[in-house]
Each structure stands twice: as structure tokens, then as C-alpha cells.
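Colleague: sequence and predicted structure are below.
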Amino acid sequence: MNKIKIVETQIIKAEEQLRLAMLASDVSTLNELLAPEIIITSHLGELLTKQDDLAAHESGLIKINELKPSEQHIQLHTEVAIVSVRMQLSGSYNGRPANGDFRFTRVWAVSSSGNWHIVAAHIGMIV
């Protein structure tokens, strides 16, 4: 298997690990997958930190019941991968329903320990 296919397989696995962690609000796994310096732009246009995201999952501010991917595009650039994935989401944010079709864009980079982690993320609602 060539290096590009190996990296693509790693990213696909990391994306699925992230999806499952988001569904379960698995803060420990999310902590591993999110870079300390991550920049997150929420579906409301808010700029969030890693601590904000982890706290939202831990406190129940974000509750995801279903997260079903329908499209995934991956671009590989040496030690960086850009992923765009369309997801059908049902759940709540701050006690209000947050259901719909969303597009997530994530930038994955190799950490100092050699693992893939997310350094930037953007969430947009598809209308």
C-alpha cells in the first residue's frame, strides 16, 4: 500500500473515531483528537477553543443523538489533511433542538507524538 493510501486510511479511521466520540460525548477521546491550539468556528459563527468544546460535551450543552455522514472529501498535503464531510445531525445545543444537515471542515495535522489531531474546524448548516 502506498503512503497516500495509508494516510487516507488513517484519516478515515480518525474521522470515524471522532464521530463516535462526538455521539458519546467521550471527552477523553475528544481530548486526544483535538489539538491544544485548535480553532473551532461553530455553526453559530462563535469562535471556540478546545476547552470550550470539551466543556460543552462534558456539561451536556451539546447533545448529539445521531450523526450520519453522507459525503466525505479528503485532501492530503504532506503532514496535513483537509476533510469536508456532510452530516445529518439530530441533537440539541444549549437545550434547543439542533437538527439538520451540516457540513464539517476539519484540518488534521501530525502532532509531535506522531498522531493525527485536529488543528482547525468549521461547522456550517446547509440550508
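Modeller: In hand now; what should we look at? Because the structure is a prediction, the values reported are computed rather than measured. Numbering: from 1, shown residues only.
Colleague: what separates stretch 11-22 from the chain centre, distance-wise?
Modeller: Computed by CA atoms, centre = their mean, to the nearest Å, the separation of stretch 11-22 from the middle of its chain amounts to 8 Å.
Colleague: same question for stretch 65-77.
Modeller: Mean-position distance between stretch 65-77 and its chain equals 9 Å (CA atoms, centre = their mean).
Colleague: then stretch 22-29?
Modeller: 11 Å.
Colleague: again, but for stretch 63-75
Modeller: Between the centre of stretch 63-75 and the centre of its host chain there is 9 Å, according to CA atoms, centre = their mean.
Colleague: partner strands of the lowest-mean-pLDDT helix or strand in the chain and their direction?
Modeller: Every helix and strand in the chain was compared by mean pLDDT, DSSP states H and E; the lowest is strand 96-97, with a mean of 90. Next to strand 96-97 in the sheet, as set by DSSP bridges, lie strand 80-93 (antiparallel).
Colleague: may I see the buried residues of the strand it pairs with?
Modeller: Residues 81, 83, 85, 87, 89, 93 are the ones in strand 80-93 that count as buried (16 or more other CB atoms under 10 Å). Glycine gets a C-beta too; all of them are placed from N, C-alpha and C.
Colleague: relative to strand 80-93, how tilted is the lengthiest helix in the chain?
Modeller: In the chain, assigned by DSSP state H, the helix with the most residues is helix 3-24. The directions of helix 3-24 and strand 80-93 differ by 10 degrees, with axes from the mean of the first three to the mean of the last three CA atoms, to 10 degrees as the criterion.
Colleague: which outside residues touch helix 3-24?
Modeller: With CB atoms under 8 Å, 6 or more residues apart in numbering as the test, helix 3-24 has contacts from 1, 26, 29-30, 33, 57, 64-67, 69, 72, 74, 76, 81, 83, 85, 87, 106, 108, 116, 118.
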